[in-house]
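S.K.: Fold the following.
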Amino acid sequence: MYYLLFSIVCSIAVSVSFKLARRYPVDLRQAILVNYGVAATLCVVLLRPDLTVFEQAAVPWPHLLALGALLPAVFIAMVAAVREAGMVRSDAAQRLSLIIPLVAAFTVFGEVLLPQKLAGVLLGFAALGCLLHKPAVGTEPTQSPFAWRYLLAIWLGYGLVDLLFKRLALAGTGFTNALLIALLLSGVLLLAYLLVRRVSWQWRALLLGLPLGLLNFGNILFYIRAHQQFAQSPALVFASTNIGVIALGTLVGGLVFKEAIRPVHWLGLGLAIGAVLSLLP
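M.R.: Numbering: from 1, shown residues only. Coordinates of the predicted model:
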């Protein structure tokens, strides 16, 4: 269970880093760029991917390129969402992205839609609606009118990333190999974007990318280790991680950052937990 706990803590720590960094004049895009370099390096050193697979079989480059573009895009969307909508709803929107691969499992991958799983999907959509609720003006600190767009981008983006990893697995490409290539492509595409935008490089932002990359990779590594530890119970790992992140994110956002958690948001969090529990086998 320690792997699950470490994965949850790393995931929340990434959100907290974004929350704290916005208090300073830091270009988080540059930190995200370094993050991919750190994560890719740790992937090579700790997971030791077998890159010969890309020489022996047809490489699913369209899927890898899509991942390379989506990974930095959703990361940047998460930065904006934490700033505009708060950590509680941002983390919940990310975790509720599980609805997308679940719907695809029934419509694309041929899984049988049982009544319990249908109830879970419906609960997930209801939870998303509650968490996206915009409070009346003047009841709490002003939020950007575009906050819901960032939350939607997180939900859709992370869901598509999950689908692409599933597609890569079906194509015979190992998860570790695909992860390394996706991280490298993400870094290259983000670097190209920043060069085109002619950004002014900041040492502070680049240094921030070092712990960010460590935390981001730690989240991935411990999540994989948890799946290895509970190889016969993948649903346990998936559900526990999502529930843990939502619960801890709520606690940190409300107690540490004093974010207003209104009744409708508590309802959304409750529905989210109910959705995950309903989707257990």
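
S.K.: which residues of the stretch 1-150 of the chain score low on pLDDT?
M.R.: 1, 53-59, 87-88, 109, 111, 128, 131-145 (pLDDT under 70).

S.K.: where along it do the helices fall?
M.R.: Ranges of helices within the stretch 1-150 of the chain are 2-21, 28-42, 53-56, 61-85, 87-95, 99-107, 115-131, 147-170, based on DSSP state H, counting those that start in this stretch.

S.K.: Looking at those helices, which one is packed in the most?
M.R.: Using mean count of other C-beta atoms under 10 Å, the stretch among the helices of the stretch 1-150 of the chain with the greatest mean number of neighbours is helix 87-95 (a mean of 27). Where you see a C-beta, it was placed from the backbone N, CA and C, and this is true even at glycine.

S.K.: what packs against that one?
M.R.: Where contact means 3 or more C-beta pairs under 8 Å, 6 or more residues apart in numbering; DSSP states H and E, helix 87-95 is packed against helix 2-21, helix 61-85, helix 115-131, helix 147-170, helix 234-251, helix 263-278.

S.K.: Out of these, the one nearest residue 44 is which?
M.R.: helix 61-85 (16.6 Å; C-beta to C-beta).

S.K.: okay, the angle between the closest one and helix 115-131?
M.R.: Computed with axes from the mean of the first three to the mean of the last three C-alpha atoms, to 10 degrees, the direction of helix 61-85 lies at 50 degrees from that of helix 115-131.

S.K.: could you give the angle of helix 61-85 to helix 28-42?
M.R.: Going by the same axes, to 10 degrees, helix 61-85 makes 130 degrees with helix 28-42.

S.K.: For the residue lying closest to residue 102 once chain neighbours are set aside, give me its contacts.
M.R.: Leaving aside its chain neighbours, residue 102 sits nearest to residue 121 (6.0 Å; criterion: C-beta to C-beta, 6 or more residues apart in numbering). By C-beta atoms under 8 Å, 6 or more residues apart in numbering, the contact set of residue 121 is 99, 102-103, 275, 279.

S.K.: any idea how far residue 27 is from residue 18?
M.R.: Remark: distance between residue 18 and residue 27 (C-beta to C-beta, to the nearest Å) = 13 Å.

S.K.: Hmm, I typed the wrong one, I wanted residue 75.
M.R.: Going from residue 75 to residue 27 by C-beta to C-beta gives 13 Å.

S.K.: ok, now residue 81?
M.R.: 17 Å.

S.K.: One more: residue 41?
M.R.: Distance from residue 41 to residue 27, counting by C-beta to C-beta: 22 Å.

S.K.: how distant is the strand or helix carrying residue 191 from the center of its chain?
M.R.: Using DSSP states H and E, residue 191 sits within helix 175-196. Distance of helix 175-196 from the chain centroid (C-alpha atoms, centre = their mean, to the nearest Å) equals 16 Å.

S.K.: for stretch 246-253, same thing?
M.R.: Centroid separation for stretch 246-253 versus its chain: 15 Å, with C-alpha atoms, centre = their mean.
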